[in-house]
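Colleague: I would like the atomic coordinates for the input below:
(one chain, ligands or ions: 2)
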Amino acid sequence: MMKLGRLNHIGVATPSLEKSIAYYRDVMGATKIHEPFDLPAQGVKVCFVDTPGEGGTAGTQIELIEPFDESSPITAFIAKNPAGGQHHMCYEVPDILEAKAWFEAKGARVLGEPRIGAHGTPIFFVHPKDMNGVLTEIMETPKEAH
Ligand SMILES: CC[C@H](C(=O)O)C(=O)SCCNC(=O)CCNC(=O)[C@H](O)C(C)(C)COP(=O)(O)OP(=O)(O)OC[C@H]1O[C@@H](n2cnc3c(N)ncnc32)[C@H](O)[C@@H]1OP(=O)(O)O
Ligand SMILES: [Co+2]
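Modeller: Ligands and ions are numbered 1, 2, ... in the order given. The predicted structure follows:
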């Protein structure tokens with residue numbers, strides 16, 4: 001049985017990181033907005049916004065993602081949702097290969113091989129049609145978090 005880990009982030013696609021950063025800062029009152037960065041290998045520009053956890057623990061994050069270029073995997077999503085929107089959910093697991101085997105054994109479509117994601121650890125995606133309509137990212141928990 002795979003053991004589901006914490007919700008690491010909620011991916012929110014946007015046509016403009018700049019506008020979305022201003023929204024989380026000025027409307028949502030986010031106190032910690034990380035430095036945006038490019039992730040061309042995954043076809044996105046990224047900005048993490050922290051949401052507070054309980055009693056000083058780390059909460060989850062909003063992962064703002066903008067297409068890096070026309071070939072981005074989120075270009076089609078933005079074309080369908082010009083204002084952007086909730087794109088994926090990312091959960092942590094202790095062992096990415098064990099998790100990949102788990103989902104494949106369940107008959108779910110794992111999209112590609114594990115690759116390094118925005119937190120610098122291996123990730124993969126499971127097709128939304130096999131996950132109750134939710135594009136699901138699985139991420140190996142960063143070692144320092146163990
Ligand atoms: C990895 C870096 C970073 C990190 O956190 O580390 C990120 O998270 S980057 C996030 C961007 N990267 C990805 O999303 C990679 C995985 N995604 C894909 O491979 C595609 O987006 C895919 C296969 C999920 C969808 O492909 P496409 O956009 O071409 O759309 P389709 O017409 O093929 O979609 C088929 C079917 O799925 C529905 N769909 C599409 N996207 C989503 C979504 N985000 N959530 C829920 N459902 C989605 C789409 O509506 C189609 O449904 P249908 O009923 O057939 O119309
Ligand atoms: Co993500």
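Colleague: how deep is His34 tucked in, by neighbour count?
Modeller: Look at His34: counted by other Cβ atoms under 10 Å, it has 14 neighbours. C-beta here means a position set from N, CA and C on the backbone, and glycine is covered the same way.
Colleague: now swap in Leu64 and tell me
Modeller: Leu64: 30 surrounding residues under other Cβ under 10 Å.
Colleague: That one sits in which helix or strand?
Modeller: Assigning secondary structure by DSSP states H and E places Leu64 in strand 61-67.
Colleague: Restricting to C-alpha, output that strand in CSV.
Modeller: The C-alpha trace of strand 61-67 is given here as CSV (Å, rounded to 0.1, in the frame of the first residue of the first chain):
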residue,chain,number,x,y,z
GLN,A,61,2.5,26.2,-1.4
ILE,A,62,0.8,27.6,-4.4
GLU,A,63,3.0,26.9,-7.4
LEU,A,64,2.3,29.6,-10.0
ILE,A,65,3.3,28.4,-13.5
GLU,A,66,3.4,30.3,-16.8
PRO,A,67,4.2,28.7,-20.1
